[in-house]
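>>> I'd like to go over a predicted model; first the sequence, then the structure.
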Amino acid sequence: MNPKAKAQQLLDLLPQTQCKRCGFEDCQAYANAIVNEGTPINQCPPGGQEGIERIADFLGVSVIALNPEFGLETPRRVAYIDENWCIGCTLCLEACPTDAIFGTHKSMHTIIESECTGCELCVPVCPVDCIELEWATFEHETGWKAWSSEQALRAQSRYALHTQRLQSPASSEPKNHVEAKRQNSTLGSEQDLKQQSKATLAQDLLKAALLKAKQ
């Protein structure tokens with residue numbers, strides 16, 4: 001089996017939470033590293049010990065314990081947004097690998113619980129600390145006991161769409177000189193709008209911080 005096909009099959013054994021706890025950008029990068037670079041198979045906390053056993057069986061290698069440096073095997077958690085503090089900055093929308101957060105600029109955001117992988121990537125980007133994590137499974141439900149193959153497949157599909165959306169150009173290149181001239185003429189106003197948006201966000205952050213301090 002060639003390395004590319006091997007890495008693809010190995011990818012299907014990972015939980016697809018895209019949490020980066022393994023030290024790589026996503027599950028695909030970790031699978032590639034295992035196959036091509038000999039990276040240890042015990043760096044995926046969401047997959048837990050059962051996940052390690054699945055990988056070991058596929059590769060025909062010995063089972064080893066989860067490396068605690070990358071996290072512990074725990075029950076699954078999902079994110080929750082406190083609507084009293086959300087300022088609609090949209091930073092969490094881009095951080096979520098499965099687009100499990102619904103909302104628009106200057107409006108309260110909501111977590112789509114069924115699509116949340118518990119990756120926790122939205123937590124550190126929130127400027128007002130309004131995102132918390134709640135337990136979604138019982139104490140004994142960890143690793144693959146807390147996450148099904150169907151959920152992993154859906155998360156993988158949503159991550160592919162999320163990646164495609166981020167990579168799509170915001171606008172097409174000018175098709176002719178007239179279009180180029182039009183875009184150049186509006187460049188200044190677009191930059192002004194961006195500066196205004198940054199200033200508004202800063203004001204919102206300050207107001208939220210002062211209100212939280214008072215309470």
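Received, thanks.

>>> so where's the protein uncertain?
Along the chain, segments meeting pLDDT under 70 span 170-215.

>>> now do the strands in it.
Using DSSP state E, the strands of the chain run over 77-81, 101-102, 110-111, 131-135.

>>> what angle sits between the last one and strand 77-81?
In this case it means strand 131-135. Between strand 131-135 and strand 77-81, the angle comes out at 140 degrees (axes from the mean of the first three to the mean of the last three Cα atoms, to 10 degrees).

>>> how about the helices in the protein?
3-11, 27-37, 48-59, 91-95, 122-125, 149-167, 177-214 (DSSP state H).

>>> which helices and strands sit right next to the fourth one?
This points to helix 91-95. Under the contact criterion of 3 or more Cβ pairs under 8 Å, 6 or more residues apart in numbering; DSSP states H and E, helix 91-95 touches helix 122-125. Just so you know, the C-beta spots here come from the backbone N, C-alpha and C atoms, and that holds for glycine as well.

>>> try 10 Å
In terms of contacts (3 or more Cβ pairs under 10 Å, 6 or more residues apart in numbering; DSSP states H and E), helix 91-95 is packed against strand 101-102, helix 122-125, helix 149-167.

>>> measure how buried Ile131 is and give me the count.
Counted with other Cβ atoms under 10 Å, the neighbours of Ile131 add up to 22.

>>> could you list the domains of this structure?
Split into domains by automatic domain parsing, the chain comes to 3-70, 77-167.

>>> quote the end-to-end distance of the shortest one.
The one in question is domain 3-70. Start-to-end span of domain 3-70 (Cα to Cα, to the nearest Å) is 25 Å.

>>> OK, contacts around Ser62?
Going by Cβ atoms under 10 Å, 6 or more residues apart in numbering, Ser62 touches Ile41, Ala56.

>>> give me the distance between it and Leu153.
28 Å (Cβ to Cβ, to the nearest Å).

>>> sort out which residues of stretch 157-173 are buried, please.
For stretch 157-173, the neighbour count (16 or more other Cβ atoms under 10 Å) marks Arg158, Tyr159, His162 as buried.

>>> actually stretch 133-145, not the one I typed
Neighbour-count burial for stretch 133-145 [16+ other Cβ under 10 Å]: Ala136, Thr137, Thr142, Gly143, Trp144.

>>> can you give the contact residues for that stretch?
Counting by Cβ under 10 Å, 6+ apart, residues outside stretch 133-145 touching it are 13, 15, 44-54, 66, 72-80, 111, 113, 116, 118, 120, 122-123, 146-147, 152.

>>> centre of the chain to that stretch, how far?
19 Å (Cα atoms, centre = their mean, to the nearest Å).
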